[in-house]
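Q: No sequence on hand, only this structure:
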């Protein structure tokens, strides 16, 4: 008898690389899915064979769903206010009723107001925090039971380079994206205990209405196609069950908000 504890033998890993996890037949909900990165992500995941629910308060969700269906995909437009717990619960219930399950939640909805700290009203702060940070909390709480039940649940939180650096006239946006990145890593530590993966996608500037409509003088060549970020989301979701990517950064080659 020895004074040391005997450890159980460790099984040798299987030979060869693990194959990617197939997405066909799985169900994803994308908040803010009516335009920009949300719409691009819905399209990319539909092409991978997923059923996609496009959640949005804007009518663009209907056009996004129609385009997917016309291309042979499977979609469901859902009127969804991420700041409202009842709307979140009803939206999740509608998705599960339609498709029988929910495997992926992509917290993509976001808003901003370009103004200095002293120019932002408390109402502005409340609105930006409610959508960008409280919204993912509301949606995750509503979706977790279905994600656990799927056995392959995955939450993807769309962060930003605004979660890593700071620039002027975006204090509320920075606060929410730094907060979302922290929340995402905290959820990762708890989600893995119940079989739910959590990933933060730190996305650099994209050619989307979120930037181009607010900054008409912005050089679009400094930005990336949102589909490139959407393809990265697909890659994250395709990882084998034994592997999770807690954080990934996707930048344009000439990203001005990054070293």
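A: Alright, I've got the coordinates. Just so it is clear, the model here is predicted, and its values are computed rather than measured.

Q: which residues touch residue 124?
A: Applying C-beta atoms under 8 Å, 6 or more residues apart in numbering to residue 124 gives the contacts 113, 115, 172. C-beta: built from backbone N, CA, C; applies to glycine.

Q: mind listing which of those are in helices?
A: Mapping those onto helices (DSSP state H) picks out residue 172.

Q: Drop anything exposed from the contacts of residue 124.
A: 113, 172 (16 or more other C-beta atoms under 10 Å).

Q: Show me which of the contacts of residue 124 is closest to residue 208.
A: Using C-beta to C-beta, residue 113 comes nearest to residue 208 of those, at 16.7 Å.

Q: Excluding chain neighbours, give the residue nearest to the closest one in space.
A: Nearest non-adjacent residue to residue 113, counting by C-beta to C-beta, 6 or more residues apart in numbering: residue 124, 5.2 Å away.

Q: so which helix or strand takes in the one you found?
A: helix 122-129 (DSSP states H and E).

Q: List the buried residues for that helix?
A: Under 16+ other C-beta under 10 Å, the buried positions of helix 122-129 are 125, 127, 128, 129.

Q: number of nearby residues for residue 248?
A: 17 (other C-beta atoms under 10 Å).

Q: now do residue 97
A: 9.

Q: same check, this time on residue 27
A: 24.

Q: Am I right that it is in contact with residue 53?
A: Yes - look at residue 27 against residue 53 with C-beta atoms under 8 Å: they come within range, at 7.0 Å.

Q: Identify the contacts common to those two.
A: By C-beta under 8 Å, 6+ apart, the residues touching both residue 27 and residue 53 are 95, 99.

Q: in the lowest-mean-pLDDT helix or strand in the chain, what counts as buried?
A: The helix or strand of the chain with the poorest confidence is helix 209-212; it has a mean of 76 (mean pLDDT, DSSP states H and E). Neighbour-count burial for helix 209-212 flags 210, 211 (criterion: 16+ other C-beta under 10 Å).
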